[in-house]
Structure formats: structure tokens, C-alpha cells
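>>> quick check, what structure comes out for this input:
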Amino acid sequence: MSFQAIKQLAEQVKMNIGRVIVGKEEVVDLLLIALITSGHVLLEDVPGTGKTLLAKSLSKSLDLTFRRIQFTPDLLPSDLSGIHFYNQKLSEFEFRAGPLFTNLLLADEINRATPRTQSSLLECMEERQISIDGETKLLARPFMVIATQNPVEHQGTFPLPEAQLDRFLFKIKMGYPSSEEGLQLLKRFMANDPLSELEPVAGIEVILQAQQAYAAVKVTDDVLQYLLQIVEQTRKREEVSVGVSPRGSQALLRASQVHAILRGRDFVTPDDIKAMAKPVLAHRLAIRGMQRTANQADSIIDDIIRLTAVPAEAGVSVR
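Residues are numbered from 1 along each chain as shown. All right, here's what the predicted structure looks like:
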């Protein structure tokens, strides 16, 4: 699959989602980058900002199987993975698959589940498989988790552990619509529900091809060194107790490669790395001596980018 075909695919999907979602072009771009890189996304914002609607629009645009599960304190790991039950008619045990066996899983309010249930996602998010009663079962391809959480309400919630956060490629804020976007939104949903009329523009096979092809985007040693310098600086900051892991640096590289494709290039520039740095790295930082907030982490990433020298031969912006 050519890079131009990947770019055209992303534009078609973005246009299709735009029939339902008003604005949010940058958020949709990040979702598509995550899908192509086989990554997962954590959407954080107050209720009613369109997180669930966006996930459903993405699944319908690509003809993906979609499952939504509401995370609650009494949710068990088996409610996600499924169970073996005894079939009396057949006199044998059968496996009843849970919602994890899908292409796109919406984990709504993920931080309301207990750490035990949250940890059941670790294996499937990283290895695309799950172990049930000593048996390993492969998940569908593609497989993507879009999780949501409310940053305002903390009563009855369990903060996501570092290992869980590190498995999300992006942490994204939806944000409120502008006045103009809010007006368009009211008009669009006043007469009917555009989501019900949404038709797929691509199938699963095309997504799988794109997931294989993007890795051929060229990255020079100087640009790789620039990326590593940014990551390593997160581990040296006094206000940071836990910096970005090697998994995080690999995630930044993959996201930058697809970002370059969406900008019409077959090579990564420092601008691609700058554009992806905050959504990829900020949620992976553990702030020392204070409660983690997105603004604190974003400010640290901005400061690191400002202080990190750009490779001379790649210093000209081409975006």
C-alpha cells in the first residue's frame, strides 16, 4: 500500500466522520494515527463532549466491529474477557467471548473500575491476546481500545496505574466546541441523527495494509537522535519522578511516521516529532510532589522542545 493511498484513506475517513462530528479535526487525525499504528487512545474530558459519538463514528466509517462497555466498580475481568460455561446439551464446556473480542472497544469511564479489572487490559492492549483459564486466545485484527475518563469527578474512581497509561499511544482532550461549531451541532442533530446514516468508506483489509506499510517512512539518524534527546530529557527533569519509557520513545517514532504521511511526505522531520510530542509523552510523566495535571506535563514537554537543538539539515519547517 502506497503512502499516498494511506493519506487518501485518512482523508476519506476524516470527511466521513465530519458528517457527524463538528470540528475536532486534530482529534480525528490523532485517532487515525493511533489506528494505523495499532495504538490505543485515552479520551479525557467532561461528559457530553462527544467522546462516545466520535468512537462510534470511527467504527462505522471503517466497517469495524464495535463494542462498548461501561466500567463500574463491580465490573470483573471475566466481564471483559468472557467465560467458559458448561453446556448441558453438549455435556462439555464452551467459551462465551466477552467484549474484548472486537475491533474497536470503547471502555467508558475506565477509571471507575477497580485496579484488578483495569489490569486485565494490560495483556490485550500490548500483545493483542488474552489468557483465559490457562489458554491464550488471539484478539481480532485490527484491535483498538478507546478509553474515556472524566477529569473533574474523582469520587468512586481509581487512578490508572503507570503501566496502564504507558500502553496508551495518545491522551487526548476533546474540549468544548466554539460558538460557531455549537450552532452547527444544534442544526445537524435537530432533525435527525447523522450517525444512523453513516456508511463505511473502507474495510478491515485496507486498515491492515496501512498498518504494515507506514513503517517504511524514512527517518534519518539525526532525526532519531533528536527524538531520543527529547525523551531522555524527560528523565532528567527535577520535577519528574518517572520519565518516558522506551515504549514511549517507540510510540513517538511510530506516530511521527504516520503524521508525516498525513502531511504528504515519505520522511520524518523534527516538526512531526514536535507535533506528536505532547499527545504521546505528556501522560507518561509522573510529576514529583504534586498531583499530575495535563497542563503541568504539557508545559514540561514544551520546555524540553524549546531547549532541544533541532538538527541543522532538518531545521527548516516543511509543514
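
>>> low pLDDT regions in this protein?
153-156, 289-294, 313-319 (pLDDT under 70).

>>> list phi and psi for the most centrally placed residue in it.
The residue lying closest to the centre of the chain (Cα atoms, centre = their mean) is V41, at 2.0 Å. Note on V41: backbone dihedrals following degrees, to the nearest 10 are phi -130, psi 140.

>>> also the one 10 residues further on?
With angles defined as degrees, to the nearest 10, K51 sits at phi -70, psi -50.

>>> K173 is in contact with the residue nearest to the centre of the chain, correct?
No - the criterion here is Cβ atoms under 8 Å, and V41 misses it with K173 at 11.4 Å. Where C-beta positions appear, they are placed from N, C-alpha and C, glycine not excepted.

>>> next, the buried residues of the helix ranked longest in the chain.
Taking DSSP state H as the criterion, the chain has its longest helix at helix 246-262. Of the residues in helix 246-262, 248-249, 251-262 count as buried by neighbour count, 16 or more other Cβ atoms under 10 Å.

>>> now the residues you listed as CSV including distance to G98?
Output for the buried residues of helix 246-262, formatted as CSV (distance: Cβ to Cβ, whole Å):
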residue, distance to G98
G248, 29
S249, 33
A251, 27
L252, 32
L253, 33
R254, 28
A255, 29
S256, 34
Q257, 33
V258, 30
H259, 34
A260, 37
I261, 34
L262, 34
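
>>> okay, now N16: neighbour count?
Using other Cβ atoms under 10 Å, N16 has 21 neighbouring residues.

>>> what does Q184 give?
14.

>>> hey, what's R68 bridged with?
When assigned by DSSP bridges, R68 has beta-bridge partners L106.

>>> where's it relative to L185, distance?
Taking Cβ to Cβ, to the nearest Å as the measure, R68 and L185 are separated by 21 Å.

>>> distance check, I33 against I21.
If you go by Cβ to Cβ, the gap between I33 and I21 works out to 16 Å.

>>> in contact with G23: list those residues for me.
Neighbouring residues of G23 by Cβ atoms under 8 Å, 6 or more residues apart in numbering: 177-178, 181.

>>> repeat that with 6 Å
177, 181 (Cβ atoms under 6 Å, 6 or more residues apart in numbering).

>>> determine the three-state secondary structure at it.
Recorded secondary structure, G23: coil (DSSP: H, G, I helix; E, B strand; the rest coil).

>>> what's the spacing between it and G48?
G23 is 15 Å from G48, by Cβ to Cβ.

>>> repeat for I33
Going from I33 to G48 by Cβ to Cβ gives 25 Å.

>>> one more: F158?
23 Å.

>>> ok, those two, which is more surrounded?
Each of F158 and G48 has its neighbours counted (other Cβ under 10 Å); F158 has more, 17 against 10.

>>> can you classify that one as helix, strand or coil?
Under three-state DSSP, the three-state class of F158 is coil.

>>> need the contact list for it.
Per Cβ under 6 Å, 6+ apart, neighbours of F158: 111, 114-115.

>>> top of those by number of neighbours, please.
N111 leads the contacts of F158 on contacts (other Cβ under 10 Å) with 22 neighbours.

>>> checking my notes, that one in a helix, right?
Yes - counting by three-state DSSP, N111 is part of a helix.

>>> which ones are touching it?
Contacts of N111 by Cβ under 6 Å, 6+ apart are 149, 157-158, 160.

>>> most widely separated two among the residues you listed?
Q149 and F158 (10.3 Å; Cβ to Cβ).

>>> quick one: the helices in this protein?
Under DSSP H, the chain gives helices at 3-17, 25-36, 51-61, 77-81, 115-127, 162-165, 179-191, 204-213, 221-234, 246-262, 270-281, 294-307.
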